[in-house]
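>>> have a look; sequence and predicted model below, questions after that.
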Amino acid sequence: MPLGQRLEGKVCLITGAGSGMGRAAALEFSSQGADVAACDLKADAVQESVRLIKDQGGRALALSGDVSREEDVKRMIRETVQAFGGLDVLYNNAGIFPSDDHSVIDTEEKAWDRVLAINVKGVYLVCKHGIPELLKRGGGSVINIASFVALVGCSVPQDAYTASKGAVIALTKSLAVQFGPKGIRSNAVCPGPIETPLLTEWLLKEPAEKAKRLNRIPMGRFGRPEDIVQLAVYLASNESSWTNGAVLVVDGGITSNYF
């Protein structure tokens, strides 16, 4: 795959880069000319992502760590800057929606805390230690992955996940106002149901659940990682220089479907 120019010269840190949307983003960002710091809790998975990037002629660094642990995040940011000389883009993609996340009335506290730790605290920590590096470069882009479920209710709730993604949107708005004047634009992407390994495995086991969700999507299919990644490339590139504080929904029309 020939290297493009849209992200030429940019250093991009991507969390959750070991699979799904994160791996797809790492590969596409690299194909567009970026140096990629690929971060994931699973060392083997993120090393495979980096191998794939290098096979296509790109430059990448594999970093293993837990985004909910401050020391891990500080180390990943530090090693990125040491390897590539700076940092231009933070792509906060890492997130979980475990099977024990239900309604508030029957979700265990430990499940709630785990989801909020990864999905919200992780974004906070990457921004806490990454934004100062973006400021050193005179600006940059923060891309936070939220979800369509933060915008609508659901009769089959995952309340910890929903609450966490609502928090990501609110935090993104605050970042946009704080750091926009300093050249950093912050935006949230709200994907609909995406065919990642985690979602696919669950729905393959539950055909009725799959049908229920497909019936709500006017486009008649689940999203694919590349549907999100192409928007992320725009947000990471200089093309989005006046896009700040946006909540961008990519869901096949599911949030527009009343019946």
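Cool, got the structure. Computed from a predicted model, the values in this text were never measured in an experiment.

>>> helices of the stretch 151-259 of the chain, start to end?
159-179, 197-205, 207-214, 225-236 (DSSP state H, counting those that start in this stretch).

>>> which residue is nearest the centroid of this structure?
Asn93 (1.8 Å; Cα atoms, centre = their mean).

>>> what does that one show for phi and psi?
phi -100, psi -30 (degrees, to the nearest 10).

>>> surely it meets Thr15?
Yes. Asn93 sits in contact with Thr15 when judged by Cβ atoms under 8 Å, with a separation of 5.3 Å. From N, CA and C alone the C-beta is placed, and that goes for glycine too.

>>> shared neighbours, those two?
Gly22 (Cβ atoms under 8 Å, 6 or more residues apart in numbering).

>>> where does the protein have low pLDDT?
For the chain, the stretches with pLDDT under 70 are 1-4, 198, 202-204.

>>> strand partners (parallel or antiparallel) of the longest strand along it?
In the chain, with assignment by DSSP state E, the single longest strand is strand 184-191. Applying DSSP bridges, strand 184-191 is found paired with strand 140-145 (parallel), strand 247-250 (parallel).

>>> related to what we said a few turns ago, show me the contacts for the residue nearest to the centre of the chain.
Contacts for Asn93 were tallied using Cβ under 8 Å, 6+ apart; they are 14-17, 21-22, 25, 145.

>>> from those, which ones fall inside strands?
Counting by DSSP E, those contribute 14-15, 145 to strands.

>>> could you export these as TSV, including distance to Leu52 and neighbour count?
Formatted as TSV, the ones in strands among the contacts of Asn93 follow (distance: Cβ to Cβ, whole Å; neighbours: other Cβ atoms under 10 Å):
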residue	distance to Leu52	neighbour count
Ile14	13	33
Thr15	17	31
Ile145	21	25
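
>>> nearest to Val73, of these?
Thr15 (8.9 Å; Cβ to Cβ).

>>> could you check how far the closest one is from Ile96?
12 Å (Cβ to Cβ, to the nearest Å).

>>> could you do Lys128 as well?
Distance of Lys128 to Ile96, computed by Cβ to Cβ: 20 Å.

>>> neighbour count winner among these two?
Ile96 (18 against 14; other Cβ atoms under 10 Å).

>>> just to revisit the earlier point, from the ones in strands among the contacts of Asn93, which is closest to Gln47?
Ile14 (14.2 Å).

>>> wait, isn't that closest one in contact with Glu28?
No. The criterion here is Cβ under 8 Å, and Ile14 misses it with Glu28 at 10.1 Å.
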